[in-house]
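Peer 1: Any chance you can model this:
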Amino acid sequence: MSERRRLVGPDEQVSVRRQCELLGISRSGVYYVPVEPDSEELELMRQIDELHLEYPFYGSRSIARELRGRGCPANRKRVQRLMRLMGLSSRLAPIQVLHGGPSL
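Peer 2: Reported below is the predicted structural model:
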């Protein structure tokens, strides 16, 4: 997709709108400039990473709860978005940890 976006440029003969139509991309994607995360978000991502390393079986809900317990207000959807951005996902906890029974 980004390769096609790079093909679009100012042209005297073909408008940006027509170039986007021909390439099958949206004009808003051509004009979009990504925003770098601010320091607050980077700190939150660091804390999420720290919690994920400690509790790899925690999902976004549990991590958001832990963050709130540490005094960092972050809702589940924000945590979920940042985890997705960081490529983190919860892992299944071992059965004996959850139920106290023997492992399989």
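Peer 1: what's the biggest helix by length in the chain packed up against?
Peer 2: When the chain is scanned for its longest helix (criterion: DSSP state H), the result is helix 39-54. Other helices and strands packing on helix 39-54, by 3 or more Cβ pairs under 8 Å, 6 or more residues apart in numbering; DSSP states H and E, are helix 60-69, helix 76-86. Glycine gets a C-beta too; all of them are placed from N, C-alpha and C.
Peer 1: Now render these as CSV, adding distance to I48 and mean pLDDT.
Peer 2: Formatted as CSV, the helices and strands packed on helix 39-54 follow (distance: least, Cβ to Cβ, whole Å; pLDDT from 0 to 100):
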stretch, distance to I48, mean pLDDT
helix 60-69, 6, 96
helix 76-86, 6, 96
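Peer 1: Present those helices as a markdown table; the columns should include mean neighbour count and distance to S15.
Peer 2: Shown next, in a markdown table, are the helices and strands packed on helix 39-54 (neighbours: other Cβ atoms under 10 Å; distance: least, Cβ to Cβ, whole Å):
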| stretch | mean neighbour count | distance to S15 |
| --- | --- | --- |
| helix 60-69 | 17 | 43 |
| helix 76-86 | 16 | 34 |
